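Engineer: Fold the following and give me the result.
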Amino acid sequence: MEKGRLPSNSCKNIEHLQRRVSRLRRLATKYKRAEIIQNALLEISNIATHVVSLDAFYQGVHNHLQSLIPADNFFIASIDRETGNITLPFFADEKDSHPSELYPDEELSSLLERGITGYVLKTGEPLFCDAQRFDQLVSQGFIDDLGSACLQWLGVPIKHNNIVSGVLVVQSYSNDISYGELELELMGFICHHISGVMERLRHNEELEIAIVQRTKELSKAYDKVKLEVQERMKAEKLQKSLFQIADLSASDVSEADFYPKIHQVISQLLPAENCFISLVHKASQTLSFPFYVSQMSSEPPKPRAMQDGLTEFILKHKQPKLLSQQDIQDMVHAGEIYGTNPALNHTQTMKQWIGIPLFIHGEVAGGLTIYSLTDQNSYAARDLELLTFVSQHIANAIERKFAVEQLKRSHELLEDKVEKRTKAIAEMNDNLQRQIMQRKKMEAQLVYDAKHDNLTGLPNRSFFMERLTQAIKHIRRHPKEQFALLFIDLDGFKQINDTLGHLEGDRFLIETSTRLKLCIRENDTLARLGGDEFVILLDSIHQHKDAEDVCERILETISEPYTLAQQQVISGASIGVAFSCVASSDTSESILRNADTAMYQAKSKGKGCYVIFDRQTEYHFNQRIELEQDFLNAIEQNDIVVELTPVVSFDDKEIIAYEPISYWQHPSQGLIDNEQLTSLANQTQTMTMLDDYIFKYIDEHYQALANGLGDKIQIHMPLSSQHIKHKYGLRSLRNTIKRSKICASKLWVFFNEKAFVQDSTNHISAFESLSELGINIGINGYGTGYSSLSSLSFLPIKALKLDADISQHLVNDKQLQLAKAYQLIATTLGFKIFAEGVDTQKQKQILEELGYIQGQGQVFSLVNLVLTQHTEEVDIAELTQA
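Structural biologist: Alright, predicted model coming up:
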């Protein structure tokens with residue numbers, strides 16, 4: 001080994017140790033910097049936790065950021081989420097002044113939006129930009145070249161919930177200062193804290209605003225509650241006073257204590273050192289003062305006659321009054337008070353005076369008065385209202401006090417009468433027991449009558465519908481069972497009633513009900529709905545044939561001759577049958593309607609048969625409904641044709657008047673004549689519409705008729721009684737007649753006799769009203785309604801029209817005698833009488849022999865005058881030639 005030279009192994013160890021020392025130094029420097037960064041970041045976190053404003057936070061961030069990275073050129077941009085405006089809440093730059101100073105003519109937000117700061121706000125991504133990158137962004141048009149050029153620019157977006165709310169920026173103007181990933185990470189951490197602080201401070205600001213607003217609301221609520229508490233205290237005080245008044249009225253205090261206690265209650269509500277109560281004694285017309293306290297005098301006024309004092313003034317006018325001294329003096333000078341007796345006037349020292357009348361059973365029974373002698377106790381309008389309210393309860397208390405005293409006196413008298421009355425009651429109890437028994441019998445009879453027909457004794461509609469409803473419920477519980485409903489309408493009942501009279505008609509119905517009972521079982525239900533309509537509920541039948549067998553028995557039984565008025569009468573029946581469970585939604589009304597529909601179908605087949613309801617029956621029923629609707633449309637569209645039929649003198653066949661009849665050419669069902677049209681109108685309750693239609697049509701063509709036939713032409717207008725059932729209908733009819741071009745003396749209106757008998761009161765009143773218009777009034781259909789002679793004798797009618805059925809059934813002596821009697825009645829009462837339905841020369845000859853001289857019918861059809869809706873002019877010459 002050479003001297004002074006280390007071995008090769010030792011050299012290697014030294015070099016290794018040197019490298020380790022160098023590495024340790026670098027690690028120590030790195031750890032030292034990491035500690036500085038950690039402390040700085042902890043300080044920034046601490047500032048973020050406790051800072052109270054963003055300005056202080058930004059300043060603290062800047063101070064601590066400088067210890068980590070070169071941050072002499074540092075600023076923060078913030079964007080408002082609602083308006084989009086960009087601001088610089090913190091700015092520090094060694095070269096440039098604040099942008100608002102560099103560019104004073106431009107808006108700061110627009111300026112920043114065009115620059116590199118706005119670019120980061122738009123992209124929402126961190127941007128590390130050197131001079132080359134900056135020039136590239138400018139050339140691409142992404143940003144404008146603003147401010148001094150820098151070597152490096154680092155901007156990191158501030159985000160909250162992934163929404164950009166600002167940018168944190170540092171920049172370098174020196175080659176000695178450069179930024180890297182560490183600076184970017186530090187800036188991201190700081191941005192996170194800035195975002196949290198901004199959100200917290202914004203929340204605090206909103207919270208403070210909400211607190212201020214809530215404080216104001218609570219303050220208002222407190223004032224309102226305070227006012228409500230005051231009002232509640234007043235109300236409780238008033239309620240307490242009212243309870244005290246009520247207790248006084250029910251207590252057993254003497255009159256000497258009663259009124260002072262009332263005064264104590266009043267004093268709790270308002271000052272009442274001067275107060276008195278006056279009472280009126282009607283019998284003697286005097287005024288007494290049961291209570292009186294006054295600072296002017298300790299002696300109460302004595303009872304006196306009613307005069308013209310201030311108390312009498314409020315009693316007379318029945319109104320509460322609040323009067324000042326000036327008001328009282330004005331009334332004195334006007335002579336309203338103390339005019340006849342000035343000595344009563346002791347009001348000179350009064351400052352204010354309140355008088356309230358006391359009402360008992362709606363009449364003035366006295367008055368309540370308070371007044372003040374000093375300005376300290378002043379009254380206002382609310383005191384008058386309060387005292388008026390309390391006075392009602394005081395009056396009630398006085399009335400009850402009087403009642404109690406009267407009751408005591410009555411008890412004394414009552415005790416004397418009790419013994420006598422007890423004996424009388426014992427006798428009355430015996431009578432009462434008998435009356436109770438009689439009443440029970442009457443109630444039972446009333447219940448029976450309410451559910452049964454008074455003529456036949458059968459169940460009525462109400463009772464039957466109850467039984468039908470029960471049957472439907474039973475079927476729904478036991479779906480395998482079924483029942484049948486028979487709807488029976490008797491054929492020829494109207495003719496029996498009209499020819500033989502109502503008495504024989506009733507006998508016919510009674511015998512029919514007896515025959516029907518023989519056709520059914522005991523568990524079946526037979527009822528009469530009204531008129532000649534009967535229904536039968538066949539309960540628990542096994543098959544449809546069971547119901548058909550019953551229908552056959554009924555038709556056979558009803559077809560057997562009846563003996564009425566000592567002669568045999570043949571009748572028949574039409575039956576509609578409906579079975580249960582045709583539909584699950586069936587009700588008692590729907591099943592009854594189905595049977596009714598089937599019955600009408602049986603009538604249309606020629607009567608004397610039965611029809612079972614099915615969909616075909618329902619179809620025919622719907623056809624009838626459609627026909628009714630078509631009829632209403634025909635009226636609206638003027639499709640009804642009006643024809644004038646003449647009323648003729650029998651001897652010379654001279655036309656006396658014309659009566660309008662109508663018909664309708666249905667598009668599918670052909671011609672519907674006047675009788676069918678009238679029936680449709682009655683079914684649809686539009687008879688008044690049809691009458692108005694005909695009246696209007698005749699009115700429009702009346703002038704043409706008058707020109708062709710002369711002024712003597714008269715119009716016989718049959719009208720439905722629906723016009724006069726209500727005052728509005730009568731008013732409308734009167735207006736129609738008033739507006740008509742038809743001369744009133746030439747117009748005859750006829751109402752049906754049956755309708756007159758059923759509602760004579762309305763008809764009599766309407767006849768009197770219509771006769772004032774100068775028109776002629778008559779009754780048609782005469783001989784079917786059996787109106788009394790007494791009712792006809794005082795009516796303002798001038799004519800009768802014999803019913804067409806009577807003219808067409810003059811086949812035996814009784815019918816001839818009846819027709820002759822009608823002619824004699826008309827002649828005796830001074831009425832004109834016309835025969836309707838004169839269709840043959842034979843009928844005309846018989847009527848002439850009976851004394852009839854005028855009428856109408858098909859025998860005179862050769863002189864009919866036809867008016868169609870498409871004819872604007874009437875050729876009277878052609879009519880005469882025809």
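Engineer: buried ones in stretch 481-490?
Structural biologist: 482-490 (16 or more other CB atoms under 10 Å). Quick note: C-beta positions are derived from backbone N, CA and C, even for glycine.
Engineer: Export those to a markdown table and append columns for pLDDT and secondary structure.
Structural biologist: Output for the buried residues of stretch 481-490, formatted as a markdown table (pLDDT from 0 to 100; DSSP: H, G, I helix; E, B strand; the rest coil):
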| residue | pLDDT | secondary structure |
| --- | --- | --- |
| 482 | 92 | strand |
| 483 | 94 | strand |
| 484 | 94 | strand |
| 485 | 95 | strand |
| 486 | 95 | strand |
| 487 | 96 | strand |
| 488 | 95 | strand |
| 489 | 93 | strand |
| 490 | 91 | strand |
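Engineer: Kindly reformat those residues as a markdown table and extend each row with distance to residue 553.
Structural biologist: Shown next, in a markdown table, are the buried residues of stretch 481-490 (distance: CB to CB, whole Å):
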| residue | distance to residue 553 |
| --- | --- |
| 482 | 20 |
| 483 | 18 |
| 484 | 14 |
| 485 | 16 |
| 486 | 11 |
| 487 | 16 |
| 488 | 12 |
| 489 | 17 |
| 490 | 16 |
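Engineer: Between those residues, which sits nearest residue 677?
Structural biologist: Checking the buried residues of stretch 481-490 against residue 677 by CB to CB gives residue 489 as the nearest, at 22.3 Å.
Engineer: ok, which stretches of the stretch 151-300 of the chain are strands?
Structural biologist: Applying DSSP state E, counting those that start in this stretch to the stretch 151-300 of the chain gives strands spanning 152-160, 163-172, 275-281, 286-293.
Engineer: can I get those strands in a markdown table with mean pLDDT?
Structural biologist: Formatted as a markdown table, the strands of the stretch 151-300 of the chain follow (pLDDT from 0 to 100):
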| stretch | mean pLDDT |
| --- | --- |
| strand 152-160 | 86 |
| strand 163-172 | 87 |
| strand 275-281 | 88 |
| strand 286-293 | 87 |
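Engineer: Of those strands, which is nearest residue 710?
Structural biologist: Comparing the strands of the stretch 151-300 of the chain under CB to CB, the one sitting nearest is strand 275-281, at 80.5 Å.
Engineer: ok, and for the closest one, which residues are buried?
Structural biologist: 275-280.
Engineer: where do the strands sit along the stretch 751-882 of the chain?
Structural biologist: For the stretch 751-882 of the chain, strands defined by DSSP E, counting those that start in this stretch occupy the ranges 776-782, 799-802, 832-835, 854-855, 865-866.
Engineer: The stretch 301-450 of the chain: helices as residue ranges?
Structural biologist: 310-317, 325-333, 381-451 (DSSP state H, counting those that start in this stretch).
Engineer: With respect to burial, which of those helices scores highest?
Structural biologist: With neighbours defined by mean count of other CB atoms under 10 Å, none of those is more surrounded on average than helix 310-317, at a mean of 19.
Engineer: Which residues does the lengthiest strand in the chain contact?
Structural biologist: Longest strand in the chain by number of residues (criterion: DSSP state E): strand 655-666. With CB atoms under 8 Å, 6 or more residues apart in numbering as the contact definition, strand 655-666 has outside contacts at 627, 630-631, 634, 639-649, 671-674, 677, 690, 693-694, 697-698, 705, 709, 713-718, 748, 854, 856, 863, 865.
Engineer: just stretch 556-573 next, same as before
Structural biologist: For stretch 556-573, the external contacting residues (CB under 8 Å, 6+ apart) are 488-493, 496, 500-501, 504, 507-508, 511-512, 515-516, 518-519, 554-555, 607-608.
Engineer: Sort out for me which of these are in strands.
Structural biologist: Per DSSP E, the contacts of stretch 556-573 map to strands at 488-491.
Engineer: nearest residue to residue 774 other than its sequence neighbours?
Structural biologist: Taking CB to CB, 6 or more residues apart in numbering, and ignoring the residues beside it in sequence, residue 774 has residue 744 as its nearest neighbour in space, at 3.8 Å.
Engineer: ok, the one you found touching residue 715?
Structural biologist: No: with contact defined as CB atoms under 8 Å, residue 744 does not count as touching residue 715 (10.9 Å).
Engineer: Can I get the longest strand of the chain as CSV, trimmed to CA atoms?
Structural biologist: Output of strand 655-666 as CSV, limited to C-alpha atoms (Å, rounded to 0.1, in the frame of the first residue of the first chain):
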residue,chain,number,x,y,z
ILE,A,655,-170.0,28.9,-41.7
ILE,A,656,-170.2,30.5,-38.3
ALA,A,657,-166.6,30.2,-37.3
TYR,A,658,-163.4,28.3,-37.9
GLU,A,659,-161.6,26.0,-35.4
PRO,A,660,-157.9,25.2,-36.1
ILE,A,661,-156.7,21.6,-36.0
SER,A,662,-153.2,20.4,-36.8
TYR,A,663,-151.4,17.4,-38.2
TRP,A,664,-147.9,16.4,-38.9
GLN,A,665,-146.3,14.5,-41.8
HIS,A,666,-143.6,12.4,-40.0
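Engineer: can you give me the angle that strand makes with strand 776-782?
Structural biologist: 60 degrees (axes from the mean of the first three to the mean of the last three CA atoms, to 10 degrees).
Engineer: ok, then the element right after strand 655-666?
Structural biologist: strand 670-672 (DSSP states H and E).
Engineer: and the angle for the very next helix or strand once past that next one with strand 655-666?
Structural biologist: With elements assigned by DSSP H and E, the helix or strand that comes after strand 670-672 is helix 674-683. For helix 674-683 against strand 655-666, the angle by the same axes, to 10 degrees is 70 degrees.
Engineer: And helix 674-683, what's buried?
Structural biologist: For helix 674-683, the neighbour count (16+ other CB under 10 Å) marks 676-678, 680-681 as buried.
Engineer: Same question for stretch 797-816.
Structural biologist: Neighbour count says stretch 797-816 has 797, 799-807, 809-810 buried, by 16+ other CB under 10 Å.
Engineer: Could the C-alpha coordinates of that stretch be exported in CSV?
Structural biologist: What follows is stretch 797-816 as a C-alpha-only set of coordinates in CSV (Å, rounded to 0.1, in the frame of the first residue of the first chain):
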residue,chain,number,x,y,z
ILE,A,797,-168.7,31.7,-20.3
LYS,A,798,-170.9,32.0,-23.4
ALA,A,799,-170.8,28.6,-25.1
LEU,A,800,-170.6,24.9,-24.6
LYS,A,801,-169.3,22.3,-27.1
LEU,A,802,-170.8,18.8,-26.8
ASP,A,803,-168.1,16.1,-26.6
ALA,A,804,-167.6,14.2,-29.9
ASP,A,805,-168.1,10.8,-28.2
ILE,A,806,-171.7,11.8,-27.3
SER,A,807,-172.5,12.8,-30.9
GLN,A,808,-171.2,9.5,-32.2
HIS,A,809,-173.0,7.2,-29.7
LEU,A,810,-176.6,8.3,-29.9
VAL,A,811,-177.9,4.7,-30.1
ASN,A,812,-180.3,4.3,-27.2
ASP,A,813,-182.9,6.2,-25.3
LYS,A,814,-180.7,7.1,-22.3
GLN,A,815,-178.0,8.6,-24.5
LEU,A,816,-180.6,10.6,-26.5
